[in-house]
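Q: only geometry, no sequence info:
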């Protein structure tokens, strides 16, 4: 295995024919090279967890990370490798303090809070600027889920209610490709919004729920400055306002009070169209992430996650657990693993609601902003994965 991961040309001996057809040797070595450039040379197989006679989970120690590898072998001799998948990485670090120091060393602003939830007076396990104001990108969708869930539990709506899809937004997601005004249930919209961060599903829910109800849930969930999320911008609106063609509208919006911003959004909405978006501006480098974004502190997110733990229905908690955000092997160390992240150039936010195998509840919010540089997600993801795994071992 180490020889393979060091790009030695032994694929024809080690892999079975089906694997070589699916992943030709040259392609495999190119993938291995990408991993090596990011994580350093593979040094050793640090553990092997046998699943059955033909399958195992390997932990590979790289120079800068641990990698988890799922390996399957042929049933018959010579038992060549029939399946090989790198499922996730976590950074090196023997303690939470070491991982926190590595996060703190990343360029830009960082905000982290690791909070036990069962005893309100208990101090954080780890914290880094927990009260700082951070752009959180799609993590704001947790507030939308919280309000949707509240309204359903109050009998104002049902998960099975059918609404028209729209307004459409840009990806991420899939529903932007569906027919205009497609009939879709609230359950489907919420599932798309949380599990794959579908922006068109999100904007539909914002329209259905309304700004007054969203403002109320932001307050109820304990945001330290609710005006930071009033109005709660649709994804299309936030992106369009960053475009040069909307410079005048952007300046008006940024100089307005929260109440005036709501009025301006209603006035501008018909002009903030998808065809006015330039994807190069959205994907090339940070754009107005300290002005046109969704803002919260790590402490705000932890309070929101705790609100969901205490108040949300099992339906919402199930939706929150569909996509763990990190490797499945890390998620399996927990009895419950809820996740919602957010990302755009210059912004990363990873947020978890966790319950240990012994019943302890935790919330974890990890945020990284840089107004000048796009961020490499894997740099923070490996550190966050290590943080989550170390927390599971406590």
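A: Structure's in. What do you need? These numbers come from a predicted model, not from an experiment.
Q: spatially nearest residue to residue 351, not counting backbone neighbours?
A: residue 365 (4.8 Å; Cβ to Cβ, 6 or more residues apart in numbering). Where you see a C-beta, it was placed from the backbone N, CA and C, and this is true even at glycine.
Q: revised request: answer the last question for residue 163.
A: In space, residue 163 is closest to residue 208, 5.5 Å off (Cβ to Cβ, 6+ apart).
Q: likewise for residue 180?
A: residue 166 (6.4 Å).
Q: my read is that the one you found contacts residue 183, right?
A: No - assessed by Cβ atoms under 8 Å, residue 166 is found out of contact with residue 183, at 11.1 Å.
Q: out of these two, which sits in the more crowded spot?
A: When neighbours are counted by other Cβ atoms under 10 Å, residue 166 comes out ahead of the other of residue 166 and residue 183, with 16 against 10.
Q: now the element after the strand or helix carrying the residue nearest to residue 163, going C-ward?
A: Assigned by DSSP states H and E, residue 208 falls within helix 199-209. Downstream of helix 199-209, the first helix or strand assigned by DSSP H and E is helix 211-220.
Q: return the distance of that following helix from the chain's centre.
A: 23 Å (Cα atoms, centre = their mean, to the nearest Å).
Q: just checking, what packs against that helix?
A: helix 141-153 (3 or more Cβ pairs under 8 Å, 6 or more residues apart in numbering; DSSP states H and E).
Q: which residues touch the helix it packs on?
A: Helix 141-153 is touched from outside by 157-159, 186, 190, 193-194, 197, 202, 205-206, 209, 213-214, 216-218, 220-221, 229, 232, 301, 304-305, 307-308, 311-313, 315-316, 319-320, 340, 342, 351, with contacts defined as Cβ atoms under 8 Å, 6 or more residues apart in numbering.
Q: and that helix, what's buried?
A: Within helix 141-153, the residues that count as buried by 16 or more other Cβ atoms under 10 Å are 141, 142, 143, 144, 145, 146, 147, 148, 149, 150, 151, 152.
Q: how about those residues in TSV, adding distance to residue 42 and pLDDT?
A: Formatted as TSV, the buried residues of helix 141-153 follow (distance: Cβ to Cβ, whole Å; pLDDT from 0 to 100):
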residue	distance to residue 42	pLDDT
141	37	98
142	37	98
143	42	98
144	42	98
145	40	98
146	43	98
147	47	98
148	45	98
149	44	98
150	49	98
151	51	98
152	49	98
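Q: out of the residues you listed, who's nearest residue 238?
A: residue 141 (12.6 Å; Cβ to Cβ).
Q: for residue 192, see how far away the closest one is.
A: Using Cβ to Cβ, to the nearest Å, we find residue 141 at a distance of 10 Å from residue 192.
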